[in-house]
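**Q** Predicted structure and sequence below. I'll ask about it afterward.
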Amino acid sequence: MRLGAIYRGEECLLPRVWDAVSAWERTRGLLGRPQLKTGEGMLIRKCGMVHTLGMGYALDLAFIDKAGRVRKLVRGLAPARMAGSLAACATLEMAPGTLDAIGLHPGDHLDWREVAA
């Protein structure tokens, strides 16, 4: 998994975001991993739908299209639930409360940039 950050223009919204690169990383996502902390996230490309089956914590989600635009936001998706967007080709998973804390809105353009680990 590659480590990077999520930007809106030149504003860094999330300084620690893991990019799930391989098919296995995308399939596993956050399953079996500790809850994300403030400023952390996981970007899952080629993914317009996620679930929280088997997870013990909720997630904030941003569904992103191929142009990098936020198409849909989901706040506090509880365990054992599903959410998705037909227009999305990537999903950004974050700790609950992150969407409001960073002020993300549908239509915002996001950019993932790799950083040194």
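**A** Received, thanks.
**Q** Heading C-terminal from the worst-scoring helix or strand of the chain on mean pLDDT, find the next helix or strand.
**A** Ranked by mean pLDDT, DSSP states H and E, the helix or strand of the chain with the weakest confidence is helix 23-28, at a mean of 79. For helix 23-28, the succeeding helix or strand toward the C-terminus, using DSSP states H and E, is strand 40-45.
**Q** count of residues packed around residue 34?
**A** Residue 34: 9 surrounding residues under other Cβ atoms under 10 Å. Placement of C-beta: from N, CA and C, glycine included.
**Q** picking up where we left off before, so for the least confident helix or strand of the chain, what gets flagged as buried?
**A** 25, 26 (16 or more other Cβ atoms under 10 Å).
**Q** In this structure, mark out all the strands, start to finish.
**A** 2-8, 11-20, 40-45, 49-51, 59-64, 70-77, 82-84, 90-94, 111-114 (DSSP state E).
**Q** Reformat these as JSON lines; add mean pLDDT, mean neighbour count and distance to residue 26.
**A** Output for the strands of the chain, formatted as JSON lines (pLDDT from 0 to 100; neighbours: other Cβ atoms under 10 Å; distance: least, Cβ to Cβ, whole Å):
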{"stretch": "strand 2-8", "mean pLDDT": "97", "mean neighbour count": "18", "distance to residue 26": "13"}
{"stretch": "strand 11-20", "mean pLDDT": "96", "mean neighbour count": "19", "distance to residue 26": "5"}
{"stretch": "strand 40-45", "mean pLDDT": "95", "mean neighbour count": "22", "distance to residue 26": "5"}
{"stretch": "strand 49-51", "mean pLDDT": "92", "mean neighbour count": "16", "distance to residue 26": "10"}
{"stretch": "strand 59-64", "mean pLDDT": "97", "mean neighbour count": "26", "distance to residue 26": "14"}
{"stretch": "strand 70-77", "mean pLDDT": "98", "mean neighbour count": "18", "distance to residue 26": "18"}
{"stretch": "strand 82-84", "mean pLDDT": "96", "mean neighbour count": "14", "distance to residue 26": "14"}
{"stretch": "strand 90-94", "mean pLDDT": "97", "mean neighbour count": "26", "distance to residue 26": "10"}
{"stretch": "strand 111-114", "mean pLDDT": "96", "mean neighbour count": "14", "distance to residue 26": "14"}
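**Q** All set, thanks.
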